[in-house]
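In: need a structure here:
(chains A, B and C)
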Amino acid sequence: MNYWLMKSEPTVFGIDDLARRPGKRDFWDGVRNYQARNSLREMKKGDLAFFYHSNADETGIAGIVKIVGEATPDPTAFDPKDHHYDPKSNPDKPAWYGVDVKFERKLKRVITLAELKSRRELKTMKLLQPGSRLSVMPVEKKHWDAILKL
DNA sequence: GCCAACGTTGGC
DNA sequence: GCCAACGTTGGC
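Out: You can find the predicted model right below:
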């Protein structure tokens, strides 16, 4: 079982949008970066991911989602009307993928980026490396556990 | 709104 | 293959 971190802007799609429909699955689409895409394809059913709010009033980890469906081609890449449309992508050879996620729980409070940065034990997290802008990335178990203890 | 860091594109 | 120009991400 692996752990992940997935970013979204809460004004577009936040943890509350998931919390509103418990038990339902949502397709995590719109990822258009190859490294992030590769992480999506490595995800297995049952993996857990932190739901991270970027560009938010409170930037940080807001909740946890469960991966309930492994990577399948992202249909928004083929839809000219979609904001994430990729004119170069070809349905016969899909470049972009998404996974199915399900709401697991909200954290009692948002664990802010500032707090994550302040923790010595989290220094080596991928999220905190300078210039790290990936919207989907792996989280080491030791970091996952440490964060849940905050 | 600003801007640094990064990814992508395209000319050569 | 190099690299400048441009677009995007995301913190502040």
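
In: Around DNA strand C, which positions in chain A sit nearby?
Out: A:K7, A:R32, A:S54, A:N55, A:A56, A:T59, A:L113, A:A114, A:K117, A:R133, A:L134, A:S135 (C-beta under 7 Å from any atom of the strand). Placement of C-beta: from N, CA and C, glycine included.

In: Which ones among those residues map onto strands?
Out: Within these, residues falling in strands by DSSP state E are A:K7.

In: tell me, which of the residues of chain A next to DNA strand C make contact with DNA strand B?
Out: Among the residues of chain A next to DNA strand C, the residues lying close to DNA strand B (C-beta under 7 Å from any atom of the strand) are A:R133.

In: Which residues are in contact with A:K117?
Out: Counting by C-beta atoms under 8 Å, 6 or more residues apart in numbering, A:K117 touches A:L128.

In: same deal with the one 4 residues further on?
Out: With contact set as C-beta under 8 Å, 6+ apart, A:E121 has these partners: A:K142, A:H143, A:A146.

In: so which of these would you say is closest to A:A71?
Out: The nearest member of the contacts of A:E121 to A:A71, counting by C-beta to C-beta, is A:H143 at 23.1 Å.

In: tally of neighbours for the nearest residue to A:D86 once chain neighbours are set aside?
Out: Once flanking residues are discounted, A:D86 sits nearest to A:A77: 4.5 Å by C-beta to C-beta, 6 or more residues apart in numbering. For A:A77, the neighbour count with other C-beta atoms under 10 Å is 24.

In: can you check A:S54 too?
Out: 14.

In: Leaving out the residues flanking it, which one is nearest to it?
Out: A:K7 (4.7 Å).
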